[in-house]
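Asks: Prediction below, plus the sequence it came from.
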Amino acid sequence: MGAKKVKQALLSVENLGVSFGGLKAVSNFNLSIEEGSLHGLIGPNGAGKTTVFNLLSGIYSADTGQFRFEGKELRGLRPYQVCGAGIARTFQNIRIFGELSALDNVQVGFHQGCKQSYWATLFRTARFRNEEERICGSAGELLEVVGLGKLGKVRASDLSYGDQRRLEIARALATGPRLLLLDEPAAGMNSSEKVQLMQLISHLRTKAKVAILVIEHDMKLVMGICERITVLDHGEVIAVGTPSEVQHNPKVIEAYLGVE
Amino acid sequence: MKSLSKNAFLVSVVFILLLAALDSLLGAYLNPYFLRVVVNAGIAAILALSLNLVSGCAGQFSLGHAGFMAVGAYVSVALTSIAFPQTWFSSGLGVGAACLIGGLVAGVAGYFVGLPSARLRGDYLAIVTLGFSEIVRVFFLNLEWFGRARGVSGIPKESTFFWVYLWLAVTFVVLWRLMRSSRGRAILALRDNEIAAEAMGVNVAHYKIVSFVTSSFFAGVAGGLFAHYQGFIDPQSFDFSRSVMFVIMVVLGGMGSLSGSVLGAFVLTILPESLRVFEEYRLILFPLILICLMIVRPQGILGSREIWEWGRKK
């Protein structure tokens, strides 16, 4: 049993599909992610990349197929259950908790690990206070990791665009994921911020041992950091491989540039 | 943060003694009319606080708080005045127990009203809660047991300044501690962005229901206190306009600010009374003042801060 588990991919997706009305947004989607690897998901606009993320995080429920994470079938679970299983995500259109402070945003991510009863909450038991202190400390550390250490008290909606994206990453990390789904993390960032982001991503892989699946339009970034790339067009996988394999695949060139 | 339980116990004992002393002092020296206004403000404050949990903190618009109040009032009155009159239930402690039971029944009602909130939001949820409070009102209006439109009179007037303000303190502390915990942050998170909260591991449906149940429990208790302070209730006491009044208190004080709700309740209970010198014109002046306040401070008097954070930027 143990030996079998090591060989198993962290996430394996088989024939996942969903359609909205008559439109097949994603069909026959297959994906396999190894532990601690960095996988890219690219494709032209409207290819269904974010839909895949919504399926994997439980926000949409798939019509067909299945996806197993650490050997557990996750299809049909609610988003908070998927999160509890160890998949966390960020959003393309930023979804922070605007009225809360940056620190509180991250603390929300620790919510599921917090097992205090309502009784302990109302009576502020010693264990409750210890746990709150621990969460506050860990949230502060995560803010340091993404480079927002000094901005913990700032209201999240007052942060700059790039900072909000980093805040989303910190918040997702707080849930203690084994797989992190990043939806266009570099969108709206300038070139120096992108360099920081690439450093952050490689830091997460080596230090935190988190596998990452990233959607990104910045080809320099994708080709630079990803080990494997899946290319999506019209809801279907058209190519899988290493960055250079994908770059020279005629189908990919056709999807991006068209043919004469 | 360092509220050791021994300290907390001492503080509560001192608070209760102070409250009892204040109770007898006010009873002896304060004009009964003023005392009445102060107690009514206290009851309104409990209701505004409880509504703030649902509307201000969890962001679920509710127009049905008078309904929860009615459930608490009628259930407690059923115990003290109809089912077991002139028994232990008519004594001070009995009335206290009846108010508690009224609150629990209102909490159960809150559970069922909270259920659809998992699927409905905004205006649609407001209609559901409004429908609930109308159903409650019409239900009691048609029950002979509760005197139909005549209402119930001769209710033992056992709720006093002491009990009302003790419950106000309990409500405040419970909500304060709930909101400053992991669970409270989950409730605030689902208000700001439901999808993100769910994706970050917050069981959104669960916390919506938790906020509804907690809120309706305290509203029910306040209803019981109200009934046993007035000595008379009828279905008309719990109509739509009362629900709206609580919403105004919360909005005026500041959504999400607990002390703001108390402030809003006091202002909106005392203001109409202080305008009595203008006789009929007060009905024009009162809304005018509200309109002006909302133009000057659309986020409410306190915004989302607490009163002791006054002046702090947020």
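Replies: That came through, no problem. Numbering: from 1, shown residues only, chains lettered A, B, ... in the order given.

Asks: Buried residues of the one helix or strand B:N40 maps to, list them for me.
Replies: Per DSSP states H and E, B:N40 falls inside helix B:32-52. By neighbour count on 16 or more other C-beta atoms under 10 Å in any protein chain shown, the buried set for helix B:32-52 is B:35, B:37-52. To be clear about C-beta, it is placed using only N, CA and C from the backbone, and glycine gets the same treatment.

Asks: is any part of it close to chain A?
Replies: No - Helix B:32-52 is not in contact with chain A by C-beta under 8 Å from any C-beta of the partner chain; minimum separation 14.3 Å.

Asks: tell me what that helix is packed against?
Replies: The contact analysis (3 or more C-beta pairs under 8 Å, 6 or more residues apart in numbering or on different chains; DSSP states H and E) places helix B:32-52 against helix B:5-29, helix B:65-77, helix B:161-179, helix B:204-230, helix B:240-253, helix B:258-274.

Asks: Could you give the separation of the shortest one from the chain centroid?
Replies: Computed by C-alpha atoms, centre = their mean, to the nearest Å, the separation of helix B:65-77 from the middle of its chain amounts to 11 Å.

Asks: quick revisit: nearest to B:G114 among the helices and strands packed on helix B:32-52 would be which one?
Replies: With C-beta to C-beta as the criterion, B:G114 lies closest to helix B:204-230 of these, at 3.1 Å.

Asks: which other residues reach the very next helix or strand once past that closest one?
Replies: Going down the chain from helix B:204-230, the next helix or strand is strand B:232-233, by DSSP H and E. With contact meaning C-beta atoms under 8 Å, 6 or more residues apart in numbering or on different chains, strand B:232-233 is reached by B:73-74, B:77, B:151-155, B:226-227.

Asks: Need the mean per-residue confidence for strand B:232-233.
Replies: For strand B:232-233, mean pLDDT rounds to 92.

Asks: May I ask you to confirm that B:V250 is in contact with B:S50?
Replies: No - if you go by C-beta atoms under 8 Å, B:V250 and B:S50 don't touch, sitting 9.7 Å apart.

Asks: Report the contact partners of A:K153.
Replies: Going by C-beta under 8 Å, 6+ apart, the list of residues near A:K153 reads A:101-103.

Asks: Name the member of these that has the highest neighbour count.
Replies: A:A102 (29 neighbours; other C-beta atoms under 10 Å in any protein chain shown).

Asks: Model confidence score at that residue, please.
Replies: 95.

Asks: can you check A:E245 too?
Replies: 91.

Asks: Repeat that for B:W167.
Replies: 95.

Asks: With B:L93 instead?
Replies: At B:L93, pLDDT is 87.

Asks: so it sits in a helix?
Replies: Yes - assessed by DSSP: H, G, I helix; E, B strand; the rest coil, B:L93 belongs to a helix.

Asks: so when I look at A:G188, I'm seeing a helix, right?
Replies: No - counting by three-state DSSP, A:G188 falls outside a helix, being coil.

Asks: The closest residue in space to it that isn't next to it in sequence: neighbour count?
Replies: With sequence-adjacent residues excluded and distances taken as C-beta to C-beta, 6 or more residues apart in numbering or on different chains, A:G188 is closest to A:Y161, at 4.8 Å. Residues near A:Y161, counting by other C-beta under 10 Å, number 11.

Asks: what residues are up against A:Y161?
Replies: Here A:Y161 is in contact with A:94, A:188-189 (C-beta under 8 Å, 6+ apart).

Asks: cutoff 10 Å now
Replies: Listed by C-beta atoms under 10 Å, 6 or more residues apart in numbering or on different chains, the contact set of A:Y161 reads A:94, A:187-189, A:193.

Asks: could you dump those residues to a markdown table with distance to A:L232 and neighbour count?
Replies: What follows is those, written out as a markdown table (distance: C-beta to C-beta, whole Å; neighbours: other C-beta atoms under 10 Å in any protein chain shown):
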| residue | distance to A:L232 | neighbour count |
| --- | --- | --- |
| A:I94 | 22 | 20 |
| A:A187 | 17 | 16 |
| A:G188 | 22 | 13 |
| A:M189 | 23 | 20 |
| A:E193 | 26 | 18 |
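
Asks: What's the end-to-end length of stretch A:30-40?
Replies: This stretch, stretch A:30-40, spans 13 Å end to end (C-alpha to C-alpha, to the nearest Å).
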